[in-house]
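Novice: build me a model from this:
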Amino acid sequence: MRIVVVGGGIVGLGSAYELVCDGHDVTVLDAGAVGAGASHGNAAKITMAEATPVPAPGMVLQGLKWMLKADSPLFVRPSLSPTFVRFMVTMARHCNEGDFRHALEVHLDMASTCAGVLDEWADDGLSFEMHRKGVLLVFEDRETFEHRVRLNEAFAPFGMAPELLDADALHDREPCLSERARHALFFPDDRQVEPDSLTGALAKRLEELGARVHEHTRVLDFEQTGSRVSAVVTDAGRVECDQVVLATGVWTGLLAAKLGTALPIGPGKGYSIDYSPSPVPLRTPLTFEDAHVAVTPLNGRLRLAGTMEFAGLDTGVNARRMAAVTRAANRGFRDWDEDAPHAEPWAGLRPMTADGLPIVGRLRPDSNVVVASGHGMLGLTLAPSTAKTVRDLARDVESGRPSPLTPYGPERFLRSSRRRARRAGAREHR
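Specialist: Residues are numbered from 1 along each chain as shown. Coordinates of the predicted model:
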């Protein structure tokens with residue numbers, strides 16, 4: 001079948017690769033350069049250990065406190081936009097223990113196949129930078145540490161039993177940490193992948209296998225016959241198709257709206273900066289949990305990544321928020337060199353959903369459009385399993401079979417949209 005994948009990030013390219021390997025004729029369209037969006041500057045971690053959803057118990061109260069600090073780990077720029085208000089209110093409703101545990105379990109289940117798929121891709125000949133160094137979750141505050149330890153029971157069914165480290169054991173393992181680091185969890189199975197190397201390898205192999213990868217090609221609209229898309233209209237012309245995959249990150253909701261289905265995907269800006277060479281002799285990737293800043297050693301460099309900023313579609317680098325990321329390193333390491341050589345800071349928009357779960361599934365039960373977006377801060381972690389799911393969904397579309405319902409399908413939002421429409425209709429008739 002002729003399948004158009006809209007979006008050339010890690011999710012779109014991974015999905016395209018699985019579809020090509022399944023025998024489909026695939027075209028990838030990206031409005032910019034492939035791999036240059038949110039995929040480019042992420043924390044470079046395959047992180048089962050940090051698969052917790054953003055909506056969490058206590059986040060509302062903490063978020064209100066942080067709103068007064070522009071350099072806090074979470075910052076919300078106030079807006080009266082109805083879409084923004086509805087998104088934030090819905091997210092607040094999911095900040096409870098039940099929804100948090102449910103989303104965590106779904107994330108862990110999706111992420112549990114990631115390592116196997118990456119190994120499969122490597123065995124297929126894709127050449128990308130990958131490390132198997134595990135991850136340290138480092139804490140200054142004991143209460144925060146103990147709260148995280150209580151979550152370990154959720155990880156046990158997936159074979160994840162972290163090692164608990166006190167201050168002495170932690171500093172024996174990583175002497176470059178400052179005395180502020182008092183507690184840690186070590187998860188040995190987490191991996192690290194340099195994202196540009198993976199997106200580059202996927203794009204190269206796709207073209208070798210006969211797929212077409214069109215960069216700087218903007219999708220303008222879709223041609224439909226009934227509920228099915230027959231062509232994608234771009235600024236470079238029409239592309240006829242039998243199926244479409246929407247994997248355009250924060251822009252997925254806007255494209256889905258052109259097909260008559262609103263999907264609530266909001267932008268959550270994150271920041272990163274690369275130091276080359278590394279200013280500290282760090283052996284193990286880690287996250288400073290109190291500051292929510294990830295530190296990932298890569299070949300010849302060190303990446304810092306962190307913060308969550310709800311500020312619309314602004315991709316500019318906020319100097320105060322970037323300074324908060326580097327300040328975490330200055331606090332967390334003994335001899336951090338603030339003037340160490342580094343690349344320009346990066347900011348990108350992560351595709352967030354109000355319930356913290358991705359959106360992967362058919363846009364509507366009778367549609368030939370598959371959605372693969374809303375992965376939040378776990379795009380790299382969940383992309384391999386998402387790619388396999390997209391492949392299976394394409395098989396369902398081709399055969400005419402209904403696709404199974406999942407906790408992360410678009411239908412959960414379609415139901416709420418219908419309820420809002422019914423309530424609005426009832427008000428009009430009063």
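Novice: now the helices for the stretch 201-350 of the chain?
Specialist: 252-258, 319-332 (DSSP state H, counting those that start in this stretch).
Novice: so which residues make contact with the longest one?
Specialist: Contacting residues not belonging to helix 319-332 are listed as 70-73, 75, 138, 177-178, 180-181, 271-273, 279, 288, 291, 293, 295, 304-307, 309, 336, 338, 345, 347 [C-beta atoms under 8 Å, 6 or more residues apart in numbering]. Using the backbone N, CA and C atoms, a C-beta is placed for each residue, glycine as well.
Novice: can you tell me which of the residues you listed are in strands?
Specialist: Within these, residues falling in strands by DSSP state E are 75, 138, 271-273, 288, 293, 295, 304-307, 309, 347.
Novice: go through these and name the one nearest W251.
Specialist: A347 (16.3 Å; C-beta to C-beta).
Novice: contacts only, for that closest one.
Specialist: With the criterion set at C-beta under 8 Å, 6+ apart, A347 makes contact with 41, 269-271, 315-318, 322.
Novice: try it again with 10 Å
Specialist: 38, 41, 269-273, 307, 309, 314-318, 321-322 (C-beta atoms under 10 Å, 6 or more residues apart in numbering).
Novice: before we move on, what about S79?
Specialist: Per C-beta under 10 Å, 6+ apart, neighbours of S79: 85, 87-88, 310-312.
Novice: switch the cut-off to 8 Å
Specialist: Per C-beta under 8 Å, 6+ apart, neighbours of S79: 85, 312.
Novice: what pLDDT is listed against it?
Specialist: Turning to S79, the model gives it a pLDDT of 81.
Novice: before we move on, what about the one 5 residues further on?
Specialist: F84 carries a pLDDT value of 87.
Novice: what number of residues lie near it?
Specialist: 17 (other C-beta atoms under 10 Å).
Novice: same check, this time on T381
Specialist: 28.
Novice: just A181 next, same as before
Specialist: A181 - counted by other C-beta under 10 Å - has 24 other residues nearby.
Novice: so how far is E289 from the residue nearest to it when sequence neighbours are not counted?
Specialist: Distances taken as C-beta to C-beta, 6 or more residues apart in numbering place V138 nearest to A181, at 5.0 Å, with adjacent residues excluded. For V138, the distance to E289 equals 6 Å [C-beta to C-beta, to the nearest Å].
Novice: now R101
Specialist: Counting by C-beta to C-beta, the gap from R101 to E289 is 19 Å.
Novice: now do S385
Specialist: Where E289 is concerned, S385 sits at a distance of 25 Å (C-beta to C-beta).
Novice: neighbour count: these two, which is higher?
Specialist: With neighbours defined as other C-beta under 10 Å, S385 and E289 compare such that E289 has more, 23 against 20.
Novice: hmm, F139 and that one touching each other?
Specialist: Yes. Using C-beta atoms under 8 Å, E289 is in contact with F139, at 5.1 Å.
Novice: list residues touching both of these two?
Specialist: Here E289 and F139 have 145, 148 as joint contacts, going by C-beta under 8 Å, 6+ apart.
Novice: over to T386. Which of the three states is it?
Specialist: helix (DSSP: H, G, I helix; E, B strand; the rest coil).
Novice: before we move on, what about G35?
Specialist: Classified using three-state DSSP, G35 is coil.
Novice: and the pLDDT for the closest residue to it other than its chain neighbours?
Specialist: Nearest residue to G35 in three dimensions, chain neighbours excluded: T199, at 3.1 Å (C-beta to C-beta, 6+ apart). T199 carries a pLDDT value of 98.
Novice: confidence score at the most centrally placed residue in the chain?
Specialist: Nearest to the mean C-alpha position of the chain, counting by C-alpha atoms, centre = their mean, stands G379 at 2.7 Å. Model confidence at G379, given as pLDDT, is 96.
Novice: OK, contacts around it?
Specialist: By C-beta under 8 Å, 6+ apart, the residues touching G379 are 9-11, 38-39, 42, 249, 350-351.
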